[in-house]
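Asker: model this:
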Amino acid sequence: MDYISRALEERLKRYEKTYKAVLVTGARQVGKSTLLKKVFPDRRYISLDDPFIEQQAREAGDMFLTLNPPPVTIDEVQRAQELFRYIKIKCDESENKGLFCLSGSQPFQLMRHVSESLSGRIGIVELSGLSMRECMKDTFNRHFLPTMEYVLERKKTLKKPENIWKMIHRGGYPELQDTDKEWSAFYADYVKTYMERDIRELAAVQDLNAFRQFMIAVAARTGEILNYSSIASEIGKDVGTVKNWISIMEASGIIYLLEPYTSNILKRATKSPKVYFRDTGLVCYLTRWLTPENLAYGAMSGHIFETFVVSEILKSFSNEGMDYRHFVSFYRGRDKKKVKEDGKTIEVEAEIDLIIEENGTLYPIEIKKNAEAKAIMTAAFSVLDQIPGKKRGTGAVVCNCPDVGALRENILQIPVWYI
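Answerer: So this is what the prediction gives:
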């Protein structure tokens, strides 16, 4: 299989010339090792996946770095967290840049050790699974905003997928872009390896069968408000265990918790996050949607389509080197809103699937799998007008519509492949 260029390549090259160390984080199998080997082919490469090398790094970090002096790439560095203090010493002893290129899964745990040991010395990038742009070999690398300025710039390099549901079902792991790779076998191996290695490293989970059922239960709720009690009841565990296991899945990059927009004005807004899987192919495998055709017309198609859109928007931020956690949220109110449609008054939920905040402006986004967008879908957007000190920007319905269009003043319909 040919190498697929990643949007982060140029940023990595700049960071190597700017910082003494560079760290690439991300979930298992998203292509961290391949990326570092491709971008820095002449560097010495050491993988701590080798148990013997891992033991050396953990028990004799100073000697390990003497035998493997910089410039060096160290893969799966989270396996030897004791090494960070010695990396710090080497960085402080030299004025040279690009001494260490590090990679590791379990990004949340890694950040704690990095902030303690290498603050100010290290450039950090987060690598996700392949984005839709990367799969289409589209070099456009600007974060998504639902504005005409973005749409016009995006259109210059735009490539439409032949079958969006096939892309959603296949998932974004680089290895699966080889069409000869069996989809179900890959995910079966992925889940097995994830549970037997990462889960046991992150926490003392003894009952892997129960954790597997837990993963399936969470996958069935992707795109929904996270309800710990509901999951606990389904798998026969207490709420504390479920909360701990959710934090494990988040720490290893399997899920993302989208927090609600916070404002004292929105007093009846939910305070619970929404849960999204980071890879839609993994969701499909766990919930047994085995073909793109069955997925497209299945009961979970709306939630999985929303999961795909949110994931792609997050990738558009991280691939530009931006921390999406500072930009995205959602809104759901407990009251229903009365609106008129075709002359009739109906009640709709006060919900905004995604809010992107930038420079004091709130951009509301509704996500629908439909091919046709309607203005009624954006009825809740006006709730943002209540928030003092913030401006409501252009809103949008992201869907499977054939082209960009205006639904009403300041609200667009945007095809999903424009992300």
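
Asker: Now do the SS call for Lys159.
Answerer: coil (DSSP: H, G, I helix; E, B strand; the rest coil).

Asker: what's the domain layout of the chain?
Answerer: 9-126, 171-313 (automatic domain parsing).

Asker: Low-confidence ranges, this structure, go.
Answerer: Along the chain, the model assigns pLDDT under 70 to residues 1, 106-117, 201-204, 264-268, 334-349.

Asker: Show me what counts as buried in stretch 402-414.
Answerer: Neighbour counts over stretch 402-414 (16 or more other Cβ atoms under 10 Å) mark 404, 407, 411-414 as buried. (Each C-beta comes from the backbone N, C-alpha and C, glycine too.)

Asker: what separates that stretch from the chain centre, distance-wise?
Answerer: 26 Å (Cα atoms, centre = their mean, to the nearest Å).

Asker: Glu366: which of the domains of the chain is closest?
Answerer: domain 171-313 (9.7 Å; Cβ to Cβ).

Asker: would TSV of the domains of the chain with distance to Ile365 be doable?
Answerer: Below are the domains of the chain laid out as TSV (distance: least, Cβ to Cβ, whole Å):
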stretch	distance to Ile365
domain 9-126	22
domain 171-313	8
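
Asker: Export those as a markdown table, with columns for mean neighbour count and distance to Tyr324.
Answerer: Below are the domains of the chain laid out as a markdown table (neighbours: other Cβ atoms under 10 Å; distance: least, Cβ to Cβ, whole Å):
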| stretch | mean neighbour count | distance to Tyr324 |
| --- | --- | --- |
| domain 9-126 | 18 | 9 |
| domain 171-313 | 18 | 8 |
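
Asker: still on that earlier bit, the buried residues of stretch 402-414 in strands, which ones?
Answerer: Counting by DSSP state E, the part of the buried residues of stretch 402-414 found in strands is 407, 411-414.

Asker: Now flag whichever of these is closest to Gln56.
Answerer: Ile414 (51.9 Å).

Asker: Pull the contacting residues for that closest one.
Answerer: By Cβ atoms under 8 Å, 6 or more residues apart in numbering, Ile414 lies in contact with 146, 151, 396-399, 401, 404.

Asker: likewise Ser128?
Answerer: 26-27, 30, 172, 278, 311, 314-315, 318-319.

Asker: From the residues you listed, pick the one nearest Asp75.
Answerer: Nearest to Asp75 among these: Gly26, at 12.0 Å, using Cβ to Cβ.

Asker: now, the most widely separated pair of the contacts of Ile414?
Answerer: Farthest pair in the contacts of Ile414, by Cβ to Cβ: Val151 and Cys399, 14.2 Å.

Asker: Pick out whichever of those two has more residues nearby.
Answerer: Remark: of Val151 and Cys399, Cys399 carries more neighbours, 21 against 18, as counted by other Cβ atoms under 10 Å.

Asker: Who does the more buried one form a beta bridge with?
Answerer: Beta-bridge partners of Cys399, counted by DSSP bridges, are Pro415.

Asker: Now do it against Val283, distance only.
Answerer: Counting by Cβ to Cβ, to the nearest Å, the separation of Cys399 from Val283 is 19 Å.

Asker: next one: Glu82
Answerer: Separation of Glu82 from Val283 (Cβ to Cβ) stands at 36 Å.

Asker: And for Leu67?
Answerer: Separation of Leu67 from Val283 (Cβ to Cβ): 43 Å.

Asker: mind listing the strands for the stretch 151-300 of the chain?
Answerer: 224-225, 255-258, 274-277 (DSSP state E, counting those that start in this stretch).

Asker: among those strands, which is nearest Glu93?
Answerer: It is, among these and with distance given as Cβ to Cβ, strand 255-258, at 38.1 Å.

Asker: Sheet partners, orientation included, of the closest one?
Answerer: Per DSSP bridges, strand 255-258 is paired in its sheet with strand 274-277 (antiparallel).
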